[in-house]
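>>> Here is my input; please provide its structure:
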Amino acid sequence: MNNRPTGIIIIAIAVLLFGCPGLICLCSGVSAALMGLSGDPYYYFGVDTEPTITLIGGLFFICISVALVAIPVIVGFLTVRRKTQSDGDEVVLIDAEAYEPSETETSEQIEEPEVLDDEIPPAI
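Down below sits the predicted model:
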């Protein structure tokens, strides 16, 4: 991307749409996973369930949050990084003088090599 301020605006939008909800999801996932590990029946969100269900729910929220937080990081890497020469179009420098055949060198004087039948591979 050639326009750096546009890239920064795109990153800010990605952080607001994906990064902040990802961090909130991470906090709730960690708290749920810790509640599931505690083994105390009063900490299961007020529901009488097994601790493994709360632990699995917490781990699920942690996985979702990792994916949501990774999106702004990837967007930031792709928009703000400096492109190398191989990423862009290649620049080919050409000499100013182009080849022009001399007057003595015409198409009649240039001999084309003869192709013998032995050199041509048979068709398959």
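>>> switch to C-alpha atoms for all contacts and neighbour counts from now on
Fine.
>>> What are the contacting residues of the helix or strand bottoming out on mean pLDDT in the chain?
One helix or strand of the chain scores below all others by mean pLDDT, DSSP states H and E: helix 4-14, with a mean of 87. Contact with helix 4-14 is made by 1, 71-72, 75-76, 79-80, as judged by C-alpha atoms under 8 Å, 6 or more residues apart in numbering.
>>> Let's see that with 6 Å instead.
In this structure, residues lying in contact with helix 4-14 by C-alpha atoms under 6 Å, 6 or more residues apart in numbering are 72, 76, 79.
>>> top of these by neighbour count?
Pro72 (22 neighbours; other C-alpha atoms under 10 Å).
>>> The protein: helices as residue ranges?
With helices called from DSSP state H, the chain shows them at 4-14, 20-38, 51-80.
>>> Identify the residue nearest Val30 in space, chain neighbours excluded?
Gly58 (6.0 Å; C-alpha to C-alpha, 6 or more residues apart in numbering).
>>> Sketch out the low-pLDDT regions of this protein for me.
Across the chain, the ranges flagged by pLDDT under 70 are 1-2, 40-49, 82-122, 124.
>>> go with 80
Applying pLDDT under 80 to the chain flags residues 1-4, 38-51, 80-124.
>>> Please export the C-alpha coordinates of stretch 5-14 as CSV.
In CSV, the C-alpha atoms belonging to stretch 5-14 read as follows (Å, rounded to 0.1, in the frame of the first residue of the first chain):
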residue,chain,number,x,y,z
PRO,A,5,-2.2,7.2,6.5
THR,A,6,-4.8,5.0,4.8
GLY,A,7,-3.1,1.9,6.2
ILE,A,8,-3.1,3.3,9.7
ILE,A,9,-6.8,4.1,9.5
ILE,A,10,-7.5,0.5,8.3
ILE,A,11,-5.5,-0.9,11.2
ALA,A,12,-7.4,1.3,13.7
ILE,A,13,-10.7,0.0,12.3
ALA,A,14,-9.5,-3.6,12.5
